[in-house]
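Compute the structure for the input listed below.
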Amino acid sequence: MSKQIVSTEAAPAAIGPYSQATKIDELVFTSGQIPLDPESMEIVEGGISEQTKQVMENLMAVLAAAGADASTVFKTTCFLSDMANFVAFNDVYASYFPESAPARSCVEVARLPKDVLVEVEAIAHIK
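Purely as a prediction, here's the structure:
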């Protein structure tokens with residue numbers, strides 16, 4: 001088994017004791033991405049749609065750094081601070097998986113880091 005830490009400046013730096021992602025052989029496991037702008041490290045302005053777009057852009061950047069992309073994702077876990085945002089979240093999320101959506105869990109949680117509205121993590125196959 002080969003383990004490698006993934007890091008990219010195209011996504012926000014870790015704000016705690018974790019890596020952006022870990023590669024194990026031909027798989028990549030991302031940490032949850034929140035709507036931080038990678039340059040300013042500030043939460044993007046706007047509601048669930050704007051936050052979801054930033055989360056997905058961050059996630060795609062981490063996947064790319066690991067040698068994967070949206071087409072190789074086979075599982076995501078999505079955390080919403082309010083399930084009332086589910087439809088708006090889905091509208092943005094679906095645009096990142098136009099061919100075939102991965103398996104997914106989506107749950108409402110009491111609170112997310114920095115009080116954001118959404119967090120998404122993924123497992124993907126490396127090309």
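
Contacts only, for the nearest residue to K127 once chain neighbours are set aside.
Among residues not flanking K127 along the chain, G67 sits closest, at 5.6 Å (Cβ to Cβ, 6 or more residues apart in numbering). Using the backbone N, CA and C atoms, a C-beta is placed for each residue, glycine as well. If you count contacts by Cβ atoms under 8 Å, 6 or more residues apart in numbering, G67 has them with K23, V28, I126, K127.

Identify the residues contacting the nearest residue to Y18 once chain neighbours are set aside.
Leaving aside its chain neighbours, Y18 sits nearest to S31 (5.2 Å; criterion: Cβ to Cβ, 6+ apart). Neighbour list for S31: A14, Y18, S19, Q20, A21, V62, E121 [criterion: Cβ under 8 Å, 6+ apart].

Make sure the first one is actually in contact with Q20.
Yes. Using Cβ atoms under 8 Å, A14 makes contact with Q20 at a distance of 6.2 Å.

Neighbour count for those two, which is higher?
More neighbours surround Q20 than the other of A14 and Q20, with 24 against 11 (other Cβ atoms under 10 Å).

Pretty sure the more buried one sits against A10.
No. If you go by Cβ under 8 Å, Q20 and A10 don't touch, sitting 9.7 Å apart.

Touching both of these two, which residues are there?
Residues touching both Q20 and A10 (Cβ under 8 Å, 6+ apart): A65.

want to throw the contacts of G67 into CSV with pLDDT and neighbour count?
Shown next, in CSV, are the contacts of G67 (pLDDT from 0 to 100; neighbours: other Cβ atoms under 10 Å):
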residue, pLDDT, neighbour count
K23, 98, 20
V28, 98, 25
I126, 96, 16
K127, 83, 10
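
Which of those residues fall in helices?
Among those, none falls in helices (DSSP state H).

For burial, what's the neighbour tally of the closest residue to D25 other than its chain neighbours?
Using Cβ to Cβ, 6+ apart and skipping residues adjacent in sequence, the residue nearest D25 is S2, 5.6 Å away. Counted with other Cβ under 10 Å, residues neighbouring S2 total 7.

Got the phi and psi for S2?
Backbone torsions of S2, given as degrees, to the nearest 10, read phi -110, psi 120.
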